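**Q** Give me a 3D structure for the following:
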Amino acid sequence: MDKRSKIILYVLGAILIGLFVIESNRPKPINWRPSYTSGDTVPLGAYVLYDNLDEIFGDASIETVEQVPLEFLRDHQDLTGATYIFLNNYLDFDEVETDYLLDFVARGNKVFISSSSAYGALADTLQLEASSSSYYMDTGNDTIRTRLVNKSFKDRSYVYHREGSYRYFESYDTLRTKVLGEVLAFNPESDYLESLFQTDDEEDLEDIVEDPDSFKSMKEMEIKTRKTPQVNFVEVAIGDGAIYYNLNPLAYSNYYMLNGKEQYVAESFSYLQNDHIYFDNYGKSGRRVVSSPLRFILSQESLRWAYYLAIAGILLYMIFVSKREQRIVPVIKPLQNATVEFTKTIGNLYYQSGDYTSIVDKKITFFLERVRSTYYLNTEKLDSSFIKKLATKAGQPQDQTQELIQLINNLRAKPLHNQYELKQLNKQIEAFFIDNK
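**A** Residues are numbered from 1 along each chain as shown. Just a heads-up that it's a prediction; the model follows:
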């Protein structure tokens, strides 16, 4: 190699090293995805909250619960004087979990739930109905203001200006429910609903909206939420205990705990017992789930060492055999267009292996791509505005469209999926596009 070639190689090597150093030292973008796990330090994690629980509850014993709530409640059916804390942007309790949870509370324990929604068996039992969406998610103004109504606290409000959504309880059982907190009214841009459909003419708007009465109801709700504080934190008495339901989980995240909002957390937790505190660390959006088939092998010491020895033996065999035998000359066959066969093979492989989560993710991805290419809609936020626009452009009933998008949002919030959920998703997507032909 001549001198000129060496110089070129050295320059290219220096450039590659420089690019590597620049990329490795470049600050990573802030991760605003909700996590709420006790060990996660991202803005919407719960590391700061969990680290300060011992200061909030004094001498109480603090434990994380890493198992399914149903299993924990079954193993602690005699537990009393305890508090079970659930924190996540999405929580759903089935009927069996609800029964055990209510028994747990009736014995004199307390349950604290903070989630941006309230539905499922538990919400139905408690007769809690939360607003399903925010009218203002497309305005760019996501700032919300909350306060606690207890007269023992100072009359102060807390502002949450990042990643918030205007959620409140539309109805609740007034006989056994006590209001503890409110989300205050704020004033987004005027004529919001008109701007949503990009028209100033009320007659044109009635032509776009299929049900004028529905639009009138939406308009009344918009005015109501701009002028009247709405309930977003309640206490529901159950037997000798109580369930506390809060619709503003952002208040308990790292970002707001470190930005002067810790007083709201301390005051909202003042209703809870302080003997035993159990912090749910299982039902989290940011929970890291190991789905590898080697999980059981690596969790057992004897099997783990056997696995390591087998890998080491295979590597040693390959090293010594490669020195004694000539490498096989591969037979190169002409390329074939096997795209369809490849797709079918991969699809069968996913389905036969039971990897329903991957199939669900790809189904959702293909559906959103088809929506973007067919109806030219932005699929970044699958909210009420998106549902209305999609139903209008696709000529589909809004309830059918809302059911499909809500299913997609629920599935995207879950870390794992089963065969039944995959079939439901496929059935609704096919029905949506078949009816649109």
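**Q** Okay, now the unreliable bits of the stretch 101-250 of the chain?
**A** 132-142, 185-227 (pLDDT under 70).
**Q** Okay, strands next: where are they in it?
**A** 110-114, 129-130, 144-148, 157-160, 169-171, 177-183, 230-238, 241-246 (DSSP state E, counting those that start in this stretch).
**Q** For the third one, list the C-alpha coordinates in CSV.
**A** Right, strand 144-148. C-alpha atoms of strand 144-148 as CSV (Å, rounded to 0.1, in the frame of the first residue of the first chain):
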residue,chain,number,x,y,z
ILE,A,144,-54.4,22.1,33.7
ARG,A,145,-55.0,23.5,37.2
THR,A,146,-56.0,21.5,40.2
ARG,A,147,-56.7,22.0,43.9
LEU,A,148,-57.7,20.1,47.0
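**Q** Can you give the distance of that strand from its chain's centre?
**A** 22 Å (Cα atoms, centre = their mean, to the nearest Å).
**Q** do the last one as well
**A** Using Cα atoms, centre = their mean, we find the averaged C-alpha position of strand 241-246 to lie 21 Å away from the chain's own average C-alpha position.
**Q** before we move on, back to that, and the strands of the stretch 101-250 of the chain: which comes nearest E430?
**A** strand 129-130 (30.6 Å; Cβ to Cβ). Placement of C-beta: from N, CA and C, glycine included.
**Q** circling back: adding mean neighbour count, write the strands of the stretch 101-250 of the chain out as TSV.
**A** As requested, the strands of the stretch 101-250 of the chain are exported to TSV (neighbours: other Cβ atoms under 10 Å):
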stretch	mean neighbour count
strand 110-114	24
strand 129-130	17
strand 144-148	22
strand 157-160	17
strand 169-171	16
strand 177-183	20
strand 230-238	20
strand 241-246	23
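**Q** Could you export the ones you listed as JSON lines, including distance to N88?
**A** Formatted as JSON lines, those follow (distance: least, Cβ to Cβ, whole Å):
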{"stretch": "strand 110-114", "distance to N88": "8"}
{"stretch": "strand 129-130", "distance to N88": "14"}
{"stretch": "strand 144-148", "distance to N88": "18"}
{"stretch": "strand 157-160", "distance to N88": "17"}
{"stretch": "strand 169-171", "distance to N88": "18"}
{"stretch": "strand 177-183", "distance to N88": "18"}
{"stretch": "strand 230-238", "distance to N88": "16"}
{"stretch": "strand 241-246", "distance to N88": "12"}
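**Q** quick one: which of those strands is nearest F72?
**A** Comparing the strands of the stretch 101-250 of the chain by Cβ to Cβ, strand 110-114 comes nearest, at 11.9 Å.
**Q** Tabulate the CA atom coordinates of the closest one in CSV.
**A** Output in CSV follows, covering the C-alpha atoms of strand 110-114 (Å, rounded to 0.1, in the frame of the first residue of the first chain):
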residue,chain,number,x,y,z
LYS,A,110,-57.3,1.8,51.9
VAL,A,111,-56.6,1.9,48.1
PHE,A,112,-55.2,4.9,46.3
ILE,A,113,-55.6,5.0,42.5
SER,A,114,-54.3,7.7,40.3
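**Q** Go ahead and report the secondary structure state at the closest residue to P397 other than its chain neighbours.
**A** Of all residues not flanking P397 in the chain, A391 sits nearest, at 6.9 Å (Cβ to Cβ, 6 or more residues apart in numbering). With DSSP: H, G, I helix; E, B strand; the rest coil as the basis, A391 sits in helix.
**Q** Let me see the contact set for A391.
**A** Counting by Cβ atoms under 8 Å, 6 or more residues apart in numbering, A391 makes contact with P397, Q398, Q400, T401, Q402.
**Q** at 10 Å what do you get?
**A** If you count contacts by Cβ atoms under 10 Å, 6 or more residues apart in numbering, A391 has them with E210, P397, Q398, D399, Q400, T401, Q402, L404, I405.
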